[in-house]
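*Asks:* please find the sequence and the predicted model below.
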Amino acid sequence: MFNREEIIKILKDDTKNDWLFNLADKIRKDNVGDEVHLRGLIEFSNICKCSCKYCGLRSPNKEIKRYRILKDEIIEYVKNAVNLGYKTIVLQSGEDEYFTTEKMVEIIKAIKKFDVALTLSIGERSFEDYKAFKQAGADRYLIRIETTDKELYKKLHPNMDFNNRLRCLQDLKTLGYEVGTGCLVGLPEQTIESLADDILFFKEIGADMVGIGPFIPHPNTPLKDEKTGSFTLALKVMALTRILLPDINIPATTAMETLNPNGRILALQSGANVVMPNVTSTEYRAKYEIYPNKICINDNPDKCRGCIEGKIKSIGRTISTDYGFSHPKNK
Ligand code: 5AD
Ligand code: FES
């Protein structure tokens, strides 16, 4: 479809945005249809050993109350989510070493007793861990590359290694996971050129899912005084991702809705086909503060399910009743 030069040109020119969003919407419709897949998200620990400069969960942040949700309580949320009709559960956490291989395997096996697909989003782990999780029944794994600009990556991720993140993505592919990745849009010093490279990277690694969200500065991080990422630019990166990878799954991200009250609907009309509502109880929501003003922090699973169902139906789309595996033709 578009080459690097064309992608850069489109990203820099705001006069043809409606054309871009309509094209992405059409390509979404032709390739993955009108169904929207809902994934029930369980943010089970906000404890993290990393220090990503943009993230409110970073370990040097002493202002947030940390929590862990253990297996039995996770299973309660899964049960409730299944009753609400969810066909996929997403387990997300900070990089919390309490959840050893054995503990994760136990949780995975318990969840897979239900009729659901399971996605993990728990950060960088060894090949052996990923293998154990897969054997226990995990189906998918999300790990954003965050940015493919190696210099920027290094500045934003103290004590982390870009190559190890790549290794994780490769291991997950090798092990047969459906692999999700993605990036932040509007990071300090991030260039339009590097965003074009991010989009081409998603294509090159054969991502099954790509999540894109604007950067939102968190007050308890070193980036607190930086500019908020542009909603429109994030939407454009997402639309271009749909055009280059026509048959993957693309979520309308929570960060988009945080910047624009209609953000997820606009995303669903510009290439997205997935929404990931929270299915944990209200008490934990505000504490999983990756960035400020996250939506739904005072809501509960029933409310979110009803809310999102209403929004989806209001734009003439339907809610999928299957597991929503991606079937990239280019695999
Ligand atoms: N603004 C927006 N998104 C953020 N993330 C982390 N911190 C922020 C922030 N300040 C995103 C990262 C991570 C995902 C779980 O949340 O891309 O992969
Ligand atoms: Fe939570 Fe709308 S999705 S209230």
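*Replies:* Perfect, thanks for sending it. Ligands and ions are numbered 1, 2, ... in the order given.
*Asks:* tell me the residue of the stretch 101-250 of the chain that sits nearest ligand 2?
*Replies:* Closest residue of the stretch 101-250 of the chain to ligand 2, C-beta to the nearest ligand atom: Gly213 (15.6 Å). Backbone N, C-alpha and C define where each C-beta goes, glycine included.
*Asks:* any idea which element that residue lies in?
*Replies:* Gly213 belongs to strand 209-214 when assigned by DSSP states H and E.
*Asks:* what is that strand packed up against?
*Replies:* Secondary-structure packing of strand 209-214 (3 or more C-beta pairs under 8 Å, 6 or more residues apart in numbering; DSSP states H and E): strand 140-142, strand 178-185, helix 231-244, helix 254-259.
*Asks:* for the ones you listed, which one sits closest to Phe127?
*Replies:* Nearest to Phe127, of all those, is strand 140-142, at 12.3 Å by C-beta to C-beta.
*Asks:* can you tell if the helix or strand following the closest one touches ligand 1?
*Replies:* Per DSSP H and E, strand 140-142 leads on to helix 150-156 as the next helix or strand towards the C-terminus. No - taking C-beta under 6 Å from any ligand atom as the criterion, helix 150-156 and ligand 1 are apart, separated by no less than 9.8 Å.
*Asks:* mind showing which ranges of the protein have poor pLDDT?
*Replies:* 327-331 (pLDDT under 70).
*Asks:* what segments of it are helices?
*Replies:* For the chain, the helices defined by DSSP state H cover 4-12, 17-32, 71-83, 101-111, 127-136, 150-156, 162-174, 192-204, 231-244, 254-259, 263-268, 282-285, 301-314.
*Asks:* just the CA trace of the second one, in CSV.
*Replies:* Put plainly, it is helix 17-32. The C-alpha trace of helix 17-32 is given here as CSV (Å, rounded to 0.1, in the frame of the first residue of the first chain):
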residue,chain,number,x,y,z
ASN,A,17,-7.5,13.3,7.5
ASP,A,18,-11.1,12.5,6.6
TRP,A,19,-10.0,10.7,3.5
LEU,A,20,-7.5,8.7,5.6
PHE,A,21,-10.0,7.8,8.3
ASN,A,22,-12.7,6.8,5.7
LEU,A,23,-10.2,4.6,3.8
ALA,A,24,-9.1,2.9,7.0
ASP,A,25,-12.8,2.3,7.9
LYS,A,26,-13.5,0.8,4.5
ILE,A,27,-10.5,-1.5,4.7
ARG,A,28,-11.6,-2.6,8.2
LYS,A,29,-15.1,-3.4,7.0
ASP,A,30,-13.9,-5.3,3.9
ASN,A,31,-11.3,-7.3,5.8
VAL,A,32,-12.6,-7.9,9.3
